[in-house]
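[1] here you go, sequence then predicted model.
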Amino acid sequence: MKKYSIVISLILGIAFYMAVISGCSDNVISDVSRVPETSVQNYFPLKVGTTVGYTVDDNVHQIVSHQKFTVAGPVTVNGQSNYQWIYRSVEYPNYRDTGFFRIDGNALYYFENAGAEPEKVLEGPLQIGKTWERFAPSNPGSADTTTLLNILTGNNNKGEDTLATGGGIQTGFEQQDNDGTIAAKNFPTTGANYFFVAAVEGLTLSDGNSYANCIRVENRSGAYTNYYWYAPGIGLVRYVIGANHGVPSDGQIVGELASQRPF
């Protein structure tokens, strides 16, 4: 009987020990902050040191340019921590511009400069049908329905590339025209004061690289539609500005991810 008592005690002791270990393991796992698949952090990860490059086709002027953006910082702007979004042009290496990104809750905000109004680029949960306003209703004038499109093409309503940008997203070098200073912006969002998630889909770029579970975000620019694809774990991988509605394959400006490091 004594032997059986010892065996039973050992079994109970082992069972108790495993229960304790299992409970501790559960506690450890529950403390891990998991990023939901539909979160802004998943579709636009801000990792200091990351550099992404885009190939940008200006189909208005038949010009191809190459843009690079580096995540730096964070720095404090208006009392809040923001990541720097530093632009460099491959064709014009002396051009350099800095915008700012901040994730606040489950929303991603972009600032053209330290004093600019915040633009809500993404808002989670990023599911089909999700809609949000780019700018606060109290500031509807911030929504650039056509101006940025003209700057992106370098056209500026003059029928020529007066801004010498060659198209693309860089607009940040204090160019002047008859109407005054051109606003700086180094992220391609434009159009009406709303965005909505129209689809979750796979996407293959012209270089053959494929991305699964991309969200396709849309809004309108007058008679045209703008399309943006964000891939999980990477960010913006493709955008089409000034496309015919329902035809996201081509537009006036087409930008595609060409390089990324490190990920």
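    Received the coordinates, thanks. Predicted model, so just to flag it, every value in this text is computed and none were measured.

[2] show me the domain layout of this protein.
    Domains of the chain are assigned by automatic domain parsing as 1-32, 40-261.

[3] least reliable of those going by mean pLDDT?
    Mean pLDDT is lowest for domain 1-32 among those, at a mean of 39.

[4] so Phe100 touches Trp85, yeah?
    Yes - taking C-beta atoms under 8 Å as the definition, Phe100 is a contact partner of Trp85 at 6.4 Å. (Each C-beta comes from the backbone N, C-alpha and C, glycine too.)

[5] can you list residues touching both of those two?
    The contact sets of Phe100 and Trp85 overlap at Tyr110 (C-beta atoms under 8 Å, 6 or more residues apart in numbering).

[6] what are the buried residues along the longest strand along the chain?
    Longest strand of the chain, by residue count under DSSP state E: strand 63-77. Neighbour counts over strand 63-77 (16 or more other C-beta atoms under 10 Å) mark Ile63, Ser65, Gln67, Lys68, Phe69, Thr70, Val71, Gly73, Pro74, Val77 as buried.

[7] ok, the last one - contacts?
    Listed by C-beta under 8 Å, 6+ apart, the contact partners of Val77 are Phe100, Phe111, Ala114.

[8] what about 6 Å?
    Counting by C-beta atoms under 6 Å, 6 or more residues apart in numbering, Val77 touches Phe100, Ala114.

[9] that one bridge partners, please.
    Residues in a beta bridge with Val77, per DSSP bridges, are Gln80.

[10] if I look at the residue nearest to Ser89 when sequence neighbours are not counted, how far off is Arg88?
    Distances taken as C-beta to C-beta, 6 or more residues apart in numbering place Tyr95 nearest to Ser89, at 4.6 Å, with adjacent residues excluded. Per C-beta to C-beta, to the nearest Å, Tyr95 is found 7 Å from Arg88.

[11] which of those two has more residues huddled nearby?
    Arg88 (19 against 15; other C-beta atoms under 10 Å).

[12] which parts of the stretch 101-250 of the chain are helices?
    147-153 (DSSP state H, counting those that start in this stretch).

[13] so what touches the helix or strand hosting Asn82?
    Assigned by DSSP states H and E, Asn82 belongs to strand 80-89. Applying C-beta under 6 Å, 6+ apart, the contact partners of strand 80-89 are 46, 68-74, 95-102, 170, 186.

[14] hmm, Ala212 and Thr204 touching each other?
    No - because the distance of 10.3 Å does not satisfy C-beta atoms under 6 Å, Thr204 is recorded as not touching Ala212.

[15] circling back to that earlier point, and the buried residues of strand 63-77, which two are the farthest apart?
    By the measure C-beta to C-beta, Ile63 and Pro74 form the most distant pair in those, at 34.0 Å.
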